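>>> Turn this into a model:
(2 chains)
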Amino acid sequence: MYSYKAPRKKRLLSKDSLLWIIFVSIVFFALVLFGSYLYYKASSYHDKLSRLESSNKALSTSVINYEKEMKILKMQSVLSQEVKSSNTLLKNSIKNLFDLVPDQITLTKVVMEKYRLHLEGTTFTKDSYRLLLEPPLKSIFNSTKATFTFNGAIGKYEFVSINEMNEEAKEGIDGKK
Amino acid sequence: MSLFSSVSKRLTRQYIAVIVEENRCRIRQKIVKNKNVLYLEEHSFDIPSKDDLGVEVKNFLLKLQEENDQTYIALFLNSLGQGVIPVCDEKLLEKFHIDQKSIKTICVENRFMMYATQIDVKWADKLFQDIGLDFVFSPFLVLDYFIQKEEVIAGQVTLNILNTHNALTIMINKDSHLLYGSFFNVAKDENLLYTDYTQEEESFDEIDLDDVQDDVEMDEIGNISDNSNFVTNILKEQETLSAQDERIIKYLSAALREFYSDDLYESEFIHQAKIYDSAGMHEGVMAYIENELLLDTSAVNISVRDAIIELSQKEVLA
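Numbers count the residues shown, from 1 in each chain, chains lettered A, B, ... in the order given. This is a model prediction of the structure:
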């Protein structure tokens, strides 16, 4: 230092440059702040979305389960309806069958199938069967066959009656349904 | 290299060298970026007095500073209250009859010590109080700047003279070591600091040449001094010398007399004279130095303002 006076301190930047740098810094800071806010918001939405997605997935699974359950229930409902109607039909058939059977005949076994009726029972006379039971059976079934066996122990004829419908009658019944 | 100094070297800087004379202010403006000179211009203004730069100079310098924040203004100190001693020891100031409390000192590379009175430094501050000032350089520093550029001949004693428009700076060097230094204002006849110049003609003859080692050569100087009035008178008769030139001769003679006679200085025979001229030295003065002092004289044209700018750059980048 060979001067009698120390130099004045100098600004590295001019006033204009300083103002410009301050302005740019403020803008940059504001942008960073806004960017951070957007990032925070985006990540918040992202979290919300993933939560909703997982919830949606759970709900979808639940809906599928409910649909399956509903399907089963519908099937059960249809089945129960069928069973109910079948039971009603059976009940009516049985009632009709029993209405057909006169007092002189006692049934010991009844096997009711869709197109076939298997009856076993006892009767005092073959005529009672042929006159009182066979005619209504014949009106329903196309083929009615009865075999009689006399049982001395009880003093009654044991009969086995097999009644069947032919193909036309089957079709007729199916067609009605 | 730190980042700051690296950036600092790449800044665009404006250096302004100012020399204030009695009624004139000389300014050199240099704009530098990364060692490349972008702009170089010299200006000269008339001023009311040495103590008042005037509105024109003030406005000019303020305008330059407004244009560039990195502006350094350096002043060439050419007031009388300054000097130099050949040792770098403040304790020895008293020996040279200098009041230590009233001066500011600067030691240059342990070779010599420049000083300026507090009054002169404050004068510089006051002169630039509305403008601002960064450096105040001593004329001895400027002269030494030129001397150091020259090739030194070992063992030779050289009389170095810095001739500026209103001042004369003298440094007598042996190698790079200073033996004697003195400063004079040649614009006015007011240099009455250490020597009674009114008694010059008589006292010059009273030099005790026996004290000087080289008797033969000093005798020659004695003879020359006897003839000095004669040569000066011839020059005067020719009316070629101005009053300022006459003062240059007078102060030069007085300085040499002081150098040879004062025990404070290691007086050795001077082999050559080197004139660093920025104001155009009169041929008569050159002839006086060459013929009367019998010194091998050479002169170079220099620019003090350039030197001040160079010194400012060194200070800024130091």
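
>>> CA only for contacts and neighbour counts going forward, please
Fine.

>>> where does whichever residue of chain A sits closest to chain B fall, phi/psi-wise?
Of all residues in chain A, the one sitting closest to chain B is residue A:7 (3.9 Å; C-alpha to the nearest C-alpha). Note on residue A:7: its backbone torsions stand at phi -70, psi 150 [degrees, to the nearest 10].

>>> residues near it, how many?
Each residue near residue A:7 was counted by other C-alpha atoms under 10 Å in any protein chain shown, and the total is 18.

>>> Then residue A:38?
Residues near residue A:38, counting by other C-alpha under 10 Å, number 12.

>>> And the pLDDT for it?
With respect to pLDDT, residue A:38 has a value of 96.

>>> In a strand, it, correct?
No. With DSSP: H, G, I helix; E, B strand; the rest coil as the criterion, residue A:38 is assigned helix and is not in a strand.

>>> can you tell me how far it sits from residue A:31?
10 Å (C-alpha to C-alpha, to the nearest Å).

>>> before we move on, what about residue B:90?
61 Å.

>>> if we can go back for a sec, tell me the contacts of the residue of chain A closest to chain B?
Neighbouring residues of residue A:7 by C-alpha atoms under 8 Å, 6 or more residues apart in numbering or on different chains: B:72, B:133, B:134, B:135.

>>> How much space separates residue A:89 from residue A:79?
Residue A:89 sits at a distance of 15 Å from residue A:79 (criterion: C-alpha to C-alpha).

>>> now swap in residue B:286 and tell me
Distance, residue B:286 to residue A:79, using C-alpha to C-alpha: 141 Å.

>>> ok, those two, which is more surrounded?
Between residue B:286 and residue A:79, counting by other C-alpha under 10 Å, residue B:286 is the more crowded of the two (17 against 13).

>>> Flag every residue of chain A that's near chain B.
Taking C-alpha under 8 Å from any C-alpha of the partner chain as the criterion, chain A approaches chain B at residues A:1-8, A:10-14.

>>> which of those residues count as buried?
Among these, those buried by neighbour count (16 or more other C-alpha atoms under 10 Å in any protein chain shown) are A:2, A:3, A:4, A:5, A:7.

>>> Can you list the neighbours in contact with the worst-scoring helix or strand of chain A on mean pLDDT?
One helix or strand of chain A scores below all others by mean pLDDT, DSSP states H and E: helix A:167-176, with a mean of 73. Residues from elsewhere that reach helix A:167-176, judged by C-alpha under 8 Å, 6+ apart: A:115, A:142.

>>> Now do it: distance to the chain's middle.
Taking C-alpha atoms, centre = their mean, to the nearest Å, the mean C-alpha location of helix A:167-176 is offset from the chain mean by 30 Å.

>>> what about the residue nearest the centre of chain A, which SS state?
For chain A, the residue nearest the mean C-alpha position is residue A:71 (1.7 Å; C-alpha atoms, centre = their mean). Classification of residue A:71 using three-state DSSP returns helix.

>>> do residue A:77 as well
Of the three states, residue A:77 takes helix according to three-state DSSP.

>>> what does residue A:61 give?
Under three-state DSSP, residue A:61 falls in the helix class.

>>> show me the contacts for residue B:32.
So residue B:32 contacts B:12, B:13, B:14, B:15, B:38, B:39 (C-alpha under 8 Å, 6+ apart).

>>> ok, then the element right after the helix or strand residue B:144 falls within?
If you go by DSSP states H and E, residue B:144 is part of helix B:139-149. Using DSSP H and E, the helix or strand that follows helix B:139-149 in sequence is strand B:157-163.

>>> Pull the contacting residues for residue B:148.
Neighbouring residues of residue B:148 by C-alpha under 8 Å, 6+ apart: residue B:176.

>>> Now do the same for it: its pLDDT.
Looking at residue B:148, its pLDDT is 92.

>>> next one: the one 5 residues further on
pLDDT for residue B:153: 81.

>>> Skipping adjacent residues, who's closest to it in space?
Distances taken as C-alpha to C-alpha, 6 or more residues apart in numbering or on different chains put residue B:175 closest to residue B:153, at 6.6 Å, once the chain neighbours are dropped.

>>> my guess is the one you found contacts residue B:151, does it?
No. Look at residue B:175 against residue B:151 with C-alpha atoms under 8 Å: they stay out of range, at 9.4 Å.

>>> With neighbour numbers in mind, choose between the two.
A side-by-side neighbour count of residue B:175 and residue B:151, using other C-alpha under 10 Å, places residue B:175 first with 17 against 8.
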